[in-house]
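Asker: sharing a sequence plus its predicted fold:
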Amino acid sequence: MSEVQWNRMTAARLRDLAAEDAVVLVPVGATEQHGPHLPTGVDDFLAAEVCRRAAGLATARNSAAVVAPSVATGLSEHHMGFGGTITLSLPTLHALLRDICRSVVRAGFSRVLIVNGHGGNMTALNALTTELTAELGRPIAFASYFGAGREVVRDTLETQDGLMHACEGETSMMMAAFPGLVRTEYLGDAHGPRITLPAESTEPVYLAVPFDRITPSGVAGDARTAGAEKGERMLAGCAQALADVIVQDPWAALLDR
């Protein structure tokens, strides 16, 4: 497979890819507690893994794609009570993404897709995408990998309809992609209440509730039914969904191509 990771390529190769009008994927995750059994980097690792797979699939279909170095920290204030969490403020995330996307544009690329891996980033990234598009004069796009692959996630999971937190879904994907980082001896304690991501909630009022008041285990959902086979199916399906977005080129009309 052709190399797709920005920081593993030479500048000359990246200039060539910019000339080919390659799409640049920018994974954005988080560094936060994920229960007793998963590492703090889950959201970063999985967003970057799906992006890497999606870029390879798109490139194989003659739609060049590059994966920028991931943004490993996001908006995680709600997890601070557990420790082990690093969070950004909203202005810092905005400034960081502005500078990354500006650098990508200055390197000659015109199509950027921010790919999110953390539920707590969703509403902010929707808004920041609009701001970045106006500031940079380029149509910046945004997707959560688990939203793009919503159908395969829903159809694969047994105990929930979508991703929650350190749950059946995230644990399964970690088992598939990073099995050495899963502390399986703690799976018996890896369960908690079901939740709805804030961006998908139908509640009439939003309140910022610390996660340790929602679940003392740090888990939302049930990781006890996780398995690597489920994880591989979800990773593959989410990557395919993102590859389809790249090939379909939603930027085309806005770039007058």
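Answerer: Cool, the structure landed.
Asker: how many neighbours does G149 have?
Answerer: As a burial measure, G149 scores 25 neighbours (other Cβ atoms under 10 Å). For the C-beta atoms, the positions are set from N, CA and C on the backbone; glycine is no exception.
Asker: what about it, distance to S70?
Answerer: 18 Å (Cβ to Cβ, to the nearest Å).
Asker: same check, this time on T215
Answerer: 26 Å.
Asker: list the buried residues for the helix or strand bottoming out on mean pLDDT in the chain?
Answerer: Least confident helix or strand of the chain, by mean pLDDT, DSSP states H and E, is helix 211-214 with a mean of 93. For helix 211-214, the neighbour count (16 or more other Cβ atoms under 10 Å) marks 211-212 as buried.
Asker: can you give me the buried ones in the helix or strand following that helix?
Answerer: Remark: after helix 211-214, the chain's next helix or strand is helix 228-248, criterion DSSP states H and E. By 16+ other Cβ under 10 Å, the buried positions in helix 228-248 come out as 228, 230-243, 245-246.
Asker: keeping just the C-alphas, turn helix 228-248 into CSV.
Answerer: Extracted as CSV, the C-alpha positions of helix 228-248 are listed here (Å, rounded to 0.1, in the frame of the first residue of the first chain):
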residue,chain,number,x,y,z
ALA,A,228,-11.9,-8.1,18.2
GLU,A,229,-14.0,-9.4,15.4
LYS,A,230,-16.6,-6.8,16.1
GLY,A,231,-13.9,-4.2,16.3
GLU,A,232,-12.4,-5.1,12.9
ARG,A,233,-15.8,-4.9,11.3
MET,A,234,-16.5,-1.4,12.7
LEU,A,235,-13.0,-0.1,11.8
ALA,A,236,-13.3,-1.4,8.2
GLY,A,237,-16.8,-0.1,7.8
CYS,A,238,-16.0,3.4,9.2
ALA,A,239,-12.9,3.6,7.0
GLN,A,240,-14.9,2.6,4.0
ALA,A,241,-17.5,5.3,4.7
LEU,A,242,-14.9,7.9,5.0
ALA,A,243,-13.2,6.7,1.8
ASP,A,244,-16.6,7.0,0.0
VAL,A,245,-16.8,10.6,1.2
ILE,A,246,-13.3,11.3,-0.3
VAL,A,247,-14.1,9.7,-3.6
GLN,A,248,-17.5,11.5,-3.9
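Asker: chain center to that helix: distance?
Answerer: 12 Å (Cα atoms, centre = their mean, to the nearest Å).
Asker: can you list contacts of that helix?
Answerer: Residues outside helix 228-248 that contact it (Cβ atoms under 8 Å, 6 or more residues apart in numbering): 23, 25, 46, 49-51, 53-55, 57-58, 61, 63, 65, 113, 115, 141, 143, 145-146, 148-149, 151-153, 156-157, 168-169, 171-177, 179.
Asker: 6 Å instead, please
Answerer: 23, 50, 53-54, 57-58, 61, 63, 65, 145, 148-149, 152-153, 156, 172-173, 175-176 (Cβ atoms under 6 Å, 6 or more residues apart in numbering).
Asker: from H78, how far out is L207?
Answerer: For L207, the distance to H78 - Cβ to Cβ - is 11 Å.
Asker: looking at these two now, which is surrounded by more residues?
Answerer: It is H78, of L207 and H78, that has more neighbours when counted by other Cβ under 10 Å, with 20 against 6.
Asker: before we move on, the earlier item: more neighbours: T215 and S70, which one.
Answerer: For T215 versus S70, neighbours defined as other Cβ under 10 Å are more numerous around S70 (24 against 20).
Asker: tell me who's in contact with the more buried one.
Answerer: S70 makes contact with 27, 44, 48 under the criterion Cβ under 6 Å, 6+ apart.
Asker: ok, the residue nearest to the spatial centre of the chain to E32 distance?
Answerer: For the chain, the residue nearest the mean C-alpha position is G117 (2.2 Å; Cα atoms, centre = their mean). According to Cβ to Cβ, G117 stands 11 Å off from E32.
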